[in-house]
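Participant: pasted the sequence and its predicted model underneath.
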Amino acid sequence: MKNITVKPNREFSPIDQPSPLMLLYNGAEKRYYQPVKATFENNNTIILLKYSNGSVAKVAMHVYKKYFKFTLLSLSQRAGIDDIQWGSFYTNITNLFGDVIGVARDTSAAINYAIGALALNDITVGGNSTTEGDAAAFQYVIHSPDAHRFALPDSLHEGQLFPIGGNGISDVAFYAHAEPYYRILYGNTATIDNKGRVAVTYHARDRSRKRDILFSLIPFLKNDEPNHQEVEGLPGVDFIGSSIALWGSPDSTALLNVMQSIVLSEGLPHPTINGKWIKDPARYIPDVTTSGNLFDSTISYVSQMGFKAIEANDLPYFKVDRGNEGYIDGKEFETKPFHFSSGNKSHKEFTDISNPLGILMGRHTITIALAPGTKDVSPIPSDSLCYQQKRILAKSINTTDTNIIVDDPRFLNEVASWEAHCVNLNIIKIGKELIHYDGVSGTYPYTLKNVTRGYWHTKKTAHEAGDTLYKLQATLDYGYDGLIPNIYLQDKIAEYYADVSRINGIRFIDLDGQEFLFNNGQGYYSVKRFFRKLFDRAAIDKIPYLRISGATLSEGSWHYQSVWNVGGGKNMYDLATDQWGSATSEGKDLRDVAFSNYFPASFGGNFGIDASSTPAQYEHIEAISVGIGATYIMPLNQKSVESCPHKYEIFHTIKTWENARAANAFPRWVKAQLANPENSWKLENGTDKNTWKLFNVTGGNASKPIILKRMPGY
């Protein structure tokens, strides 16, 4: 793998580490098969790969100006083959690794090169064939992005793995290492070896078969130990047709010049806002999150700052309830949760004002959690709920029996879900009844313990010996209480979100508990399928743009997700010290993941306007935001804002920066200076709407202005 834009060509393929185009994987034997021979057909557009087990793979190869495209057309002698793996493609790059999207990046001025791959369809997902549950473990890896600046202590080595911090419940405590060489992992599409070299891997699974997994997203942490789960087969979802793009490019132009070209050419998701791709740094727009439940001036304030989206965080978690058919305020929009002095408003009445102004209103949701009292779980539970285990009722029971005997006790002592293991969500389903239990006896007859019949207001019903008992997959407690749908019901929930958007005008969806999309055992494929269903339905409903944020970032959500505004306060960014996470390392950790994966970093919920706020603070905030390529979600409380004597000056300051950002007016060399928190800046409008004057302020004195100009096309 060579960079042919420089002389001499720089070689990026390490001599000691070959990169097979495609491996075959036998899950039962936990064995990979390497290709042993390749032949070319049809003018070198078809590659026949022969394997040590006798299999032959037929792979189409297309060579385009900016990438190679490989597609698996067929595989003979495929008995026992559960999965195919593209790569790993090994490089000698040791700088940044995009673990979510799959890229090796050298951002130095001397090398400035990136090598990566992209999945070209939903059946192809990030990571290797051995990834349990098709979602990589959430943990730390030791990696120095610059061995000279951040030398590893003798006690650590490249590639060493460590669990995240905390007790497995508090998500803030997960982030426990401020050292720059502790890199948190949100995927395994790119990994590093014991020399710090980056490799890129994708794979595709035969999902038509039922399989058993032992999964946790956080397998090394108490309270998040793995659970055994039977994963339902998905007929028709196979690895034939799996396809990737393999590319190399100067890192400085990779995202917008190469990756965007692949996305457009291959018909991958390409959401846009104001005519530009959401991955374009000129569209890294901050949002606001409300409190105080007074909305008289909220839309006006947001407009004056140049922001584009409001999360109504005064309202409780939005919970999926297909029973309302998307009419979350009633068929006549009679419920009016938004408080205005002139009279309260429904979601639709609010968005009828905000949407024409280009300001999106959104809700804080718990993704696909099916909460008690909602259509699909109570009082009549759906037959399309996801289960962990399936057992047989050994003895008939009447409507009051609590002596429930099962044929097989295996894994029934595991508390439901792999996340927090909340006992109140330990639920089985027989017919249309939910039953709570707490463990199973260890000796025959295998009897469930501490049984509560008719759980979640379901109807107590008699059941016959031989009936099927389902141990259900759950979410977690702490306001997220719910059951997980199977993937077909999840499809319907995705469409429900689009209907909610169409009916109520909601265009901003913050998916808290986004990891629940992994709970059905299909990992990143599940995420891709959910978002595709949502966006396809939104397209039918002629919704031009859905702004998606969420609790996590994965290979499945990268194409669809606009921002990753999580956390807040000093856990994310400490304005007093200009430190990414002074209370915990959350800000540093999430910044590193986002930046490495060509995704906007975030300061989280920060920088609310109050009585002590000054314009100079927001000159600094916006300069850092533009320079680094970060968003934030500003806490907005109307009464707090009204207490600020400088609010209109602050609004003007923020909007000036946001207008210039949207115009892509900041060249790379200017952004590098803005990113340095030791510098102070002031930005003013120029002589027209296409120019700005940027001043470096030292000791209260402004330098000669740097003239910034709108880039063509912006």
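Facilitator: Perfect, I can see it now. Numbers count the residues shown, from 1 in each chain.
Participant: tally of neighbours for Ala28?
Facilitator: Number of residues near Ala28 (other CB atoms under 10 Å) recorded here: 8. The C-beta positions use only the backbone N, C-alpha and C, and glycine is treated the same way.
Participant: helices along the stretch 601-714 of the chain, start to end?
Facilitator: 615-628, 638-642, 647-662, 668-674 (DSSP state H, counting those that start in this stretch).
Participant: how about the helices in the protein?
Facilitator: Listed in chain order, the helices found in the chain under DSSP state H are 251-253, 260-265, 298-305, 347-354, 487-504, 523-540, 586-596, 615-628, 638-642, 647-662, 668-674.
Participant: of those, which approaches Thr124 most closely?
Facilitator: For these, proximity to Thr124 was assessed by CB to CB; helix 523-540 is nearest, at 8.9 Å.
Participant: how about low-confidence regions in the stretch 51-200 of the chain?
Facilitator: Nowhere does the stretch 51-200 of the chain drop to pLDDT under 70.
Participant: one more time with 80, if that's ok
Facilitator: Residue ranges of the stretch 51-200 of the chain with pLDDT under 80: 168.
Participant: and Gly608, how many neighbours?
Facilitator: Gly608: 17 neighbours (other CB under 10 Å).
Participant: rewinding a little: need the winner for burial among the helices of the chain.
Facilitator: helix 586-596 (a mean of 24; mean count of other CB atoms under 10 Å).
Participant: residues in contact with that helix?
Facilitator: Helix 586-596 has contacts (CB atoms under 8 Å, 6 or more residues apart in numbering) with 96-100, 103, 105, 172, 174-175, 177-178, 180, 182-186, 553, 564, 566-567, 571-574, 579-581, 599-604, 628-630.
Participant: that one to helix 615-628, inter-axis angle?
Facilitator: Calculated by axes from the mean of the first three to the mean of the last three CA atoms, to 10 degrees, helix 586-596 forms an angle of 40 degrees with helix 615-628.
Participant: rewinding a little: distance to Lys345 and mean pLDDT added to the helices of the stretch 601-714 of the chain, as a markdown table?
Facilitator: Formatted as a markdown table, the helices of the stretch 601-714 of the chain follow (distance: least, CB to CB, whole Å; pLDDT from 0 to 100):
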| stretch | distance to Lys345 | mean pLDDT |
| --- | --- | --- |
| helix 615-628 | 29 | 97 |
| helix 638-642 | 15 | 97 |
| helix 647-662 | 23 | 98 |
| helix 668-674 | 39 | 96 |
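Participant: format those helices as a markdown table; extra columns: distance to Lys533.
Facilitator: Below are those laid out as a markdown table (distance: least, CB to CB, whole Å):
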| stretch | distance to Lys533 |
| --- | --- |
| helix 615-628 | 33 |
| helix 638-642 | 37 |
| helix 647-662 | 31 |
| helix 668-674 | 37 |
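Participant: list buried residues within the contacts of helix 586-596.
Facilitator: Those of those that meet the buried threshold are 96-100, 103, 105, 172, 174-175, 177, 182-186, 553, 564, 566-567, 571-574, 580-581, 599-604, 628-630, by 16 or more other CB atoms under 10 Å.
Participant: residues contacting the residue of the chain positioned farthest from its centre?
Facilitator: Taking CA atoms, centre = their mean as the measure, the residue most remote from the mean C-alpha position of the chain is Asn398, 45.4 Å away. With contact set as CB under 8 Å, 6+ apart, Asn398 has these partners: Ala462.
Participant: and Ile46, how many neighbours?
Facilitator: Around Ile46 there are 14 residues (other CB under 10 Å).
Participant: and for Gly699?
Facilitator: Gly699 has 5 neighbours, counted by other CB under 10 Å.
Participant: try Ser74
Facilitator: 12.
Participant: can you check Ile380 too?
Facilitator: By other CB under 10 Å, neighbour count at Ile380 equals 14.
Participant: wait, doesn't it sit right on Gly431?
Facilitator: No: assessed by CB atoms under 8 Å, Ile380 is found out of contact with Gly431, at 10.3 Å.
Participant: about what we covered before: and the contacts of helix 586-596, which of them are in strands?
Facilitator: Within these, residues falling in strands by DSSP state E are 96-98, 103, 105, 182-184, 601-604, 630.
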